[in-house]
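*Asks:* Give the three-dimensional model of this entry:
(one chain, ligands or ions: 2)
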Amino acid sequence: MAEYVIYETVAVLQINNPPLNVLSHHVRRQLMSGLQQALQDTAVRSIVIMGKGQIFTAGADVKEFGTEKALSDPSLPTLVEAVAASNKPVVTAFHGTTLGGGVALALASHYRLAASSVKIGLPEVEIGIVPTCGVSQRLPRLVGLQTAVQMIVSAQTMSAQQALTTGLLDKVVSGDLLSEAVGFAKSVEVQALADRRVGSRAVPGADTAEDVLDAARKRLVRRSRGAIAPLTCLQAIQASLLPFETGMKREAELGQYLWTSWQTGALRYAFLAERTVKRWYLPGNKTVNYRTAEPLVINSVGVLGAGTMGVGITICLLQAGLKVVLIEANKTQLDKAVTLIQRSLGGRSHSKQLSHQAMQLRATTDYRQLGEVDLVIEAVFEDLALKRKVFQQLDSVTKPQAILATNTSGLDIDKIASATQRPDKVIGTHFFSPANVMRLLENIYGRHTSPETIATAMQLGATIGKVGVLVGNCPGFVGNRMKGLNFTEAMFLLEEGAEPQDVDKVLEEFGFAMGPFRVSDLAGGDVHWRRRIQAGLTTEQGPPPNTPLLYRQGNRYCPLADMLCMQGRFGQKTGAGWYRYESGSRAALPDAVVHRLILKHRQDNGLQRRNISSQEIVERCLYPLINEGFRILEEGLAAGPQDIDVIFLLGFGWPRHTGGPMYYADKVVGLGILLRCLEKYRALHPRSAHWVPSSLLQTMATQGTSLTAWAAGSRL
Ligand SMILES: CC(C)(COP(=O)(O)OP(=O)(O)OC[C@H]1O[C@@H](n2cnc3c(N)ncnc32)[C@H](O)[C@@H]1OP(=O)(O)O)[C@@H](O)C(=O)NCCC(=O)NCCSC(=O)CC(=O)CCCCCCCCCCCCC(=O)O
Ligand SMILES: NC(=O)C1=CN([C@@H]2O[C@H](COP(=O)(O)OP(=O)(O)OC[C@H]3O[C@@H](n4cnc5c(N)ncnc54)[C@H](O)[C@@H]3O)[C@@H](O)[C@H]2O)C=CC1
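*Replies:* Ligands and ions are numbered 1, 2, ... in the order given. Below you'll find the model as predicted:
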């Protein structure tokens, strides 16, 4: 609701809709009625709009979008324009966080005041809409085009001080916001309003406008990768150069275009899915869930193995204020890791705080130093025998109640747990590289993992700023199990006529930051080669004896990646992989050596080259992965499609504007079309089991059920 209180001549409208004061329909109605009351009351000479509780407002109610309520009278645009039309001065006073529609109200007001700790932002582009309600027209008039572009298109928040400097705020206050706002409102009661109306001003620096817009457009064309909101927002900002009323009309047209686009639905889904997965439960036993399980308190963590992952994990634990004991078998590697960690922590602005963080690190080769830690994260080489040996040691050196977590990227959690006397305290905590940057934490529970251990791993994720997703135990877990199929098909496409750069280009146009071959070169082809060797699919010398070159373990197989690795071409780190890299450069250059290798492989094996369409590349690379997602749901390894989608959005760079693989299948492709497509490729490629449609998909497609609707109904 919104409360209405009079302080002498000032009417104060306070939004009170905890926890985030979102501008839901009932809040808008009360704000509108408060505004009308204040305008009619002759004793009122000025109006203050502010918020109760922790923040001013998180903006429009995103959960109303797509329902009638979003546009019900008074809609947000109507309310904002009523503020702008007020003939009594309106002061918006904000604190905490002020987003989206809150900024719209402020820009329509005559004065803007804020507490010094405020964060102001326009996250609309992230949910695929234009900041309408006049924001795209008023903001450039107030702060200039450059800052407006920065705020609207980057969606980054601005501090009070920055907002004051740019002219967005009139005053930053440090005392009690209510009394400051009331005092300020009284002081402006006699001031003329005409030049306080932002809409009546001209955009400053209009002479350099085209340069600013051109530069932004070039940047966005490069970065948007199929997302339509960023460039549409820029068009709306450009319209601020027109007369105000014309610009408002253009903003409304562009707003309408995005409001009804499928991408906004996908982006909103992604926003909510990231929050939904926090409400975890065991797919097979909903009684074990975030409400019933209590996490242990974790103050100190041991990290075992100071390689690529151990270093990244240590950095994020320290940044979250935890104490870390880092253990590494190799002293030279340990010293190198400590230098990297200190540099990473010290290289940021708040140096005092960060040197304190670095001081929370104890680095050693001595396992006995783990005696007091509450939890250990193991990140040694991906070798089951080694991990089992290490877990046995951990079992004996750590306190009995300590949790033992493994960062394995796909090994069996139960086999690791069975090396200890406490399998209930063993869990997978799968970080993604670089571990201090990627926001995903895939938590894997084993057969004996206790609810308390699960709750602790999920809580640890939140503590270190990650989104934890709980999944069941299977080879590769959810993410790598699905992702592997994408690369498998990408290689088959090379056998049939494509070049690595063709496949990468199409998937980059689809929205991935990098196609599968560039990703492979970045991660190092040897990592997966070692896994294929361990799985008996290949050997260091080529196919295992008496094995057909193009067929392994019951399935079609492409040996091209193995052939590259046998030549020492592991990717960027060796200067060559699927591409070549000039010294010191990360630019992937098509390589004639790879071209000839593929050509010879086709000729030697009688593989016919044909032209492959972009559509086929997308279908072949993405649909088997999605089909595997349905199998994962069918096998009860993930609670719902949201969990799978969040894994792909945050762990594998799946383009956010498509919502994630499961949302994309459900809402963009359509389950019926997906099923028919899988059947078509199954007939064409009978030796690849991944084309066999999952039963869940078949049932849903046949019954015309929507996956997202089905999932929403079953979620806790
Ligand atoms: C605010 C946060 C920073 C808080 O973070 P944190 O504390 O970490 O909490 P969370 O876990 O994120 O959230 C807790 C809980 O709250 C839910 N929630 C958060 N924000 C919202 C929200 N805005 N609405 C609803 N619910 C919200 C969240 O989902 C959690 O709940 P749970 O899912 O149940 O667990 C953080 O939350 C954050 O960053 N939020 C971002 C919010 C955001 O995106 N705000 C902007 C919304 S858009 C807007 O405000 C302006 C508009 O332009 C709206 C358009 C109005 C519609 C008008 C119709 C347009 C028609 C087109 C033509 C127009 C032409 C014309 O102008 O006339
Ligand atoms: N590199 C990646 O992108 C990802 C790796 N992982 C997993 O994380 C784990 C570690 O991978 P990386 O960091 O890439 O490996 P790495 O090779 O960079 O580091 C492993 C470190 O463990 C040390 N080590 C080996 N045995 C040890 C022992 N008994 N005691 C203490 N230290 C020991 C090694 O000396 C080495 O420094 C693996 O299980 C891997 O599958 C998971 C996600 C992503």
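*Asks:* Relative to residue 667, how far out is residue 207?
*Replies:* 45 Å (CB to CB, to the nearest Å). The C-beta positions use only the backbone N, C-alpha and C, and glycine is treated the same way.
*Asks:* Please verify my assumption that residue 235 contacts residue 253.
*Replies:* No. If you go by CB atoms under 8 Å, residue 235 and residue 253 don't touch, sitting 9.5 Å apart.
*Asks:* Give me the more crowded residue out of those two.
*Replies:* Taking other CB atoms under 10 Å, residue 235 and residue 253 do not tie; residue 235 has more neighbours (17 against 13).
*Asks:* so which strand or helix has the more buried one?
*Replies:* Assigned by DSSP states H and E, residue 235 belongs to helix 229-238.
*Asks:* do stretch 372-383 and ligand 2 meet at all?
*Replies:* Yes. Contact of stretch 372-383 with ligand 2 (CB under 6 Å from any ligand atom) involves 379-382.
*Asks:* rewinding a little: what sits up against the helix holding residue 235?
*Replies:* If you take CB atoms under 8 Å, 6 or more residues apart in numbering as the criterion, helix 229-238 is touched by 124-125, 128-132, 136-137, 139-140, 145, 148-149, 152-153, 213, 216-217, 220-221, 223-224, 250-251, 254-255, 257-258, 263-264, 267, 657.
*Asks:* Between residue 207 and residue 667, which has more neighbouring residues?
*Replies:* For residue 207 versus residue 667, the count of surrounding residues by other CB under 10 Å is larger for residue 667: 18 against 7.
*Asks:* Distance of that one relative to ligand 2?
*Replies:* 30 Å (CB to the nearest ligand atom, to the nearest Å).
*Asks:* is it true that that residue touches residue 708?
*Replies:* Yes. At 6.8 Å, residue 667 counts as touching residue 708 under the criterion of CB under 8 Å.
*Asks:* residue in the stretch 301-450 of the chain nearest to ligand 1?
*Replies:* Distance from ligand 1 to each residue of the stretch 301-450 of the chain (CB to the nearest ligand atom) is smallest for residue 439, at 12.6 Å.
*Asks:* Can you tell me, leaving aside adjacent residues, what's nearest to that residue?
*Replies:* Excluding its sequence neighbours, the residue lying closest to residue 439 (CB to CB, 6 or more residues apart in numbering) is residue 650, at 4.6 Å.
*Asks:* do residue 664 as well
*Replies:* residue 658 (4.4 Å).
*Asks:* Hmm, residue 264 and the one you found touching each other?
*Replies:* No. Using CB under 8 Å, residue 658 is not in contact with residue 264; the gap is 12.0 Å.
*Asks:* What strand or helix carries the residue nearest to residue 319 when sequence neighbours are not counted?
*Replies:* Leaving aside its sequence neighbours, residue 319 sits nearest to residue 357 (CB to CB, 6+ apart; 6.2 Å). Element membership for residue 357 (DSSP H and E) is helix 351-359.
*Asks:* Could you pull out the buried residues of the helix or strand following that helix?
*Replies:* Following helix 351-359 in sequence order, the next helix or strand is strand 361-364 (DSSP H and E). For strand 361-364, the neighbour count (16 or more other CB atoms under 10 Å) marks 361, 363 as buried.
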